[in-house]
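# predicted structure and sequence below. I'll ask about it afterward.
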Amino acid sequence: MNIQLDVASHKYKGEQILIYTNNSPDTIDRVFYHLYFNAFQPGSMMDVRSRSMPDPDPRLRGKIPKLADDEIGFIDVQSLKQDGVDIKYETAGTILEVELASWLLPGDHTALEMEFDAQVPLQTRRSGRDNVEGIAYSMSQWYPKLCEYDHQGWHANPYIGKEFYGVWGNFEVQIELDKSYIIGATGVLQNADEIGYGYSTVPVDHGDRSTLTWHFKAHNVHDFVWAADPEYTHTQKVMEDGTVLHFFYQENERTTDNWQALPAIMSKAWEPINERYGQYPYPVFSFIQGGDSGMEYPMATLITGERSIGSLVGVCIHELMHAWYQSLLSTNESLYAWMDEGFTTFAQIDIKNWLREKQLIPGAYEDNPYLTEYNGYRNIALSSFEEPLSTHADHFVTNTAYGVGSYTKGCVFLKQLEYVIGKEFFDQALLNYYYTWRFKHPDVNDFLRVFEKISGMELDWYKEYFVNTTHLIDYAVTDVKESPGGSRIVFLRNQVMPMPIDVEVRYLDGSKSFHTIPLQIMRGAKTMEGEISYHIEADWPWTNPVYHLDLDRDIGEVRSVIIDPTDRLADVDPSNDRIDLPAN
């Protein structure tokens, strides 16, 4: 793509040549493009949706109807050819519908050549100009972007403000604009010595030119983002593995100290991130002040920058981890938002806790830093607002259900899966998932099969309950009584969702025993976890509400019985998870 942006009018012209290969087994007779900027117009689907939800996003609420003609966004396609032949197309809101002149057989490729005009909207949600912190341009979802075609067919979803799904490709983008502006973007700058601005150590004299053309290349990505501002400070830090981290921000009393400290902190986090979640394969990553909060894109993120150091590091870690669960794995976020946002939240909490342990950011290290997420899940699970994680991101009734489900319950899904199969198997499987499925658009079944292969357990039941329903988990220990040869512990399942149960028994002599009660439908059980060796008890059939665990210790020796001593079971009523026996 080549574009020319007029910073006075905020309009730009673009030329796009797209080489599209049909990698499916189907014959394709039409294609679709996203025209995201068309959402930023009064009366758009995004506008109506933002005003009709019971809890609209405050970043968007009421803004679009107030946009003047020179503040709205649009992408207006001027011409479109297939292999040099004019083809028919029609704009339907944020989607361009295209009839191909020559159908694409499996394995065929074609060239689609487009000319378009566009206007950058006043920043309202993610994209746009002149954000609240004074950043000139936050250019995400800014170009006609081909929709994804996969085993489910086309995904030509209108844009109403939620998630994205993109096609892998190689991007070459040239951006011409006023020479006073500095750009941070996806990809590697190809003409650094001509541009300067911190990309090159060589002093650059731009002479009498009024504009500069920035030339970027990015391979094997599904999107391209850029931001521009004449007051950006640009710094960079090279990691030991050669990856270059770029930082773009405006210097002021609310940013300078924290942004100057940020590169050292992020470089320290780089090693455990790559070790625990898989090696980052791209040559660069850019942290760019812009947007309206924090938003992920391949090789880059847009984040608001006027934050405390804890908040700044937190949002940077979160958006960086999206490079794994959005940019590299690229699950269909619209269908499985929790597999992106929830998994990213899980990793963010893990890495922030590591940084606290190393005293690199404020705050105390926590043995279980996920308790806040568990409590957040319990709150919505016990309310009337929860919706299944299988709900399409655009179709949640409330933003609350979408947010808590995607971020919080999605995070709990992972941590609780660690509880089910054991931490050692979990850590191994999470890495295997990344290396097996990056660049392949996995879904929940692909994910769970990796964990099944590593653990030797069946896990489809876990998805069917925790993802596809809102059924609750509640187990109770109700009694400890004498039995022939020892004592008997009585457990009760009070809610619908079945789960394996870990039990810790404490004895009066100070000793402990650890037991795991697997579900019969798991066809397996964990045996060890860290230094804990579990007694594997008889399977609990999921249909049975009551379970008896027999001990070979006299009831007089038992002091306490505790369900889930590691606090990883998403039990909605932990108050009945423990029973203490009176001392004789």
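Thanks, I have the structure now.
# the helices in the stretch 51-200 of the chain, which residues?
Taking DSSP state H, counting those that start in this stretch to define them, one finds helices in the stretch 51-200 of the chain at 192-195.
# what's the helix or strand for L430?
Using DSSP states H and E, L430 maps to helix 423-437.
# give me the residues contacting that helix.
Contacts with helix 423-437, where a contact means CB atoms under 8 Å, 6 or more residues apart in numbering, come from 276-278, 324, 328-329, 414, 417-418, 421, 442, 446-447, 450-451, 453-455, 526, 528-530. (Glycine included, C-beta is placed from N, CA and C.)
# please compute how far it lies from its chain's middle.
Distance of helix 423-437 from its chain centroid, counting by CA atoms, centre = their mean, to the nearest Å, is 17 Å.
# ok so, going back, out of the contacts of helix 423-437, name the ones that lie in helices.
276-277, 414, 417-418, 421, 446-447, 450-451, 453-455 (DSSP state H).
# filter those residues down to the buried ones.
277, 414, 417-418, 421, 446-447, 450-451, 454-455 (16 or more other CB atoms under 10 Å).
# is it possible to get CSV of these that adds distance to L431 and pLDDT?
Listed next are these as CSV, based on distance: CB to CB, whole Å; pLDDT from 0 to 100:
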residue, distance to L431, pLDDT
Y277, 7, 98
L414, 13, 98
L417, 14, 98
E418, 13, 98
I421, 14, 98
D446, 15, 98
F447, 13, 98
V450, 10, 98
F451, 11, 98
I454, 10, 98
S455, 14, 98
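# just these now: which is nearest M339?
F447 (6.8 Å; CB to CB).
# who are the contact partners of the closest one?
339, 433, 437.
# and the gap between it and E504?
30 Å (CB to CB, to the nearest Å).
# same check on L96?
59 Å.
# these two: which is more packed in?
Between L96 and E504, L96 has the larger neighbour count (other CB atoms under 10 Å), namely 25 against 17.
# in which helix or strand would I find the residue nearest to the more buried one when sequence neighbours are not counted?
Setting aside the residues directly before and after it, L96 is nearest to Y33 in space (CB to CB, 6 or more residues apart in numbering), at 4.0 Å. Applying DSSP H and E as the criterion places Y33 in strand 28-34.
# re the thing from before, what's across from the residue nearest to L96 in the sheet?
Residues in a beta bridge with Y33, per DSSP bridges, are L96, L146.
# can you get me a residue count around it?
Y33: 26 neighbours (other CB under 10 Å).
# before we move on, the earlier item: buried ones in the helix holding L430?
In helix 423-437, counting by 16+ other CB under 10 Å, buried: 423, 425-426, 428-431, 433-434, 436-437.
# re the thing from before, distance to L262 and pLDDT for the contacts of F447 - can I get that in CSV?
Formatted as CSV, these follow (distance: CB to CB, whole Å; pLDDT from 0 to 100):
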residue, distance to L262, pLDDT
M339, 28, 98
Y433, 29, 98
W437, 30, 98
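# which single one of these is nearest to L549?
Y433 (33.4 Å).
# now V221, nearest residue through space, not along the chain?
P298 is the one closest to V221 (CB to CB, 6+ apart), at 3.7 Å.
# how much space between the one you found and P144?
Counting by CB to CB, the gap from P298 to P144 is 17 Å.
# same deal with Q16?
6 Å.
# what touches both of the two?
114, 116.
# where along the stretch 151-300 of the chain do the strands fall?
153-155, 169-178, 182-185, 188-189, 211-221, 226-229, 232-238, 244-250, 284-289, 294-297, 300-303 (DSSP state E, counting those that start in this stretch).
# tell me which of the ones you listed is the most buried.
strand 300-303 (a mean of 28; mean count of other CB atoms under 10 Å).
# now do that one: distance to the chain's middle.
13 Å.
# and the next helix or strand after that strand, which residues are buried?
Beyond strand 300-303 in the direction of the C-terminus, DSSP H and E gives the next helix or strand as helix 309-322. Under the neighbour-count criterion of 16+ other CB under 10 Å, helix 309-322 has 312-322 buried.
# number of residues surrounding K440?
12.
# dump the residue contacts of it.
With CB under 8 Å, 6+ apart, K440 has these contacts: 329, 446.
# got it, and the one 10 residues further on?
With contact set as CB under 8 Å, 6+ apart, V450 has these partners: 429, 432-433, 436-437.
# for L430, see how far away it is.
From V450 to L430 the distance is 8 Å (CB to CB).
# show me what E176 is bridged to.
Under the criterion used (DSSP bridges), E176 bridges to Q4, T213.
# next one: it relative to M1, how far apart?
Taking CB to CB, one finds E176 at 11 Å from M1.
# can you check T124 too?
T124 is 24 Å from M1, by CB to CB.
# which one's more surrounded, those two?
Using other CB under 10 Å, the more surrounded residue of T124 and M1 is T124, with 26 against 19.
# and the closest residue to that one other than its chain neighbours, how many neighbours does it have?
Nearest residue to T124, sequence neighbours excluded (CB to CB, 6+ apart): K63, at 4.4 Å. Taking other CB under 10 Å as the criterion, the count of residues near K63 is 19.
# G524 too?
Other residues near G524 number 17, with proximity taken as other CB under 10 Å.
# so how far is D564 from the closest residue to A156 other than its chain neighbours?
Of all residues not flanking A156 in the chain, F32 sits nearest, at 3.9 Å (CB to CB, 6+ apart). Using CB to CB, one obtains 47 Å as the distance from F32 to D564.
# what of F413?
16 Å.
# the two: which has the busier surroundings?
Higher neighbour count among F413 and D564: F413, with 24 against 21, using other CB under 10 Å.
# pretty sure that one is touching V467, no?
Yes. At 7.2 Å, F413 counts as touching V467 under the criterion of CB atoms under 8 Å.
# what's the overlap in contacts for the two?
Common neighbours of F413 and V467, using CB under 8 Å, 6+ apart, are 338, 389.
# which residue ranges of the stretch 1-150 of the chain form strands?
2-6, 11-21, 28-34, 74-82, 85-86, 89-92, 95-104, 109-119, 128-129, 137-139, 145-146, 148-150.
# how about the first one, which residues are buried there?
Neighbour-count burial for strand 2-6, with 16+ other CB under 10 Å as criterion, is recorded at 3, 5.
# okay, the angle between that strand and strand 169-178?
With axes from the mean of the first three to the mean of the last three CA atoms, to 10 degrees as the basis, strand 2-6 and strand 169-178 are set at 30 degrees to each other.
# and strand 2-6, what does it pack onto?
strand 11-21, strand 169-178 (3 or more CB pairs under 8 Å, 6 or more residues apart in numbering; DSSP states H and E).
# alright, that wraps it up for me.
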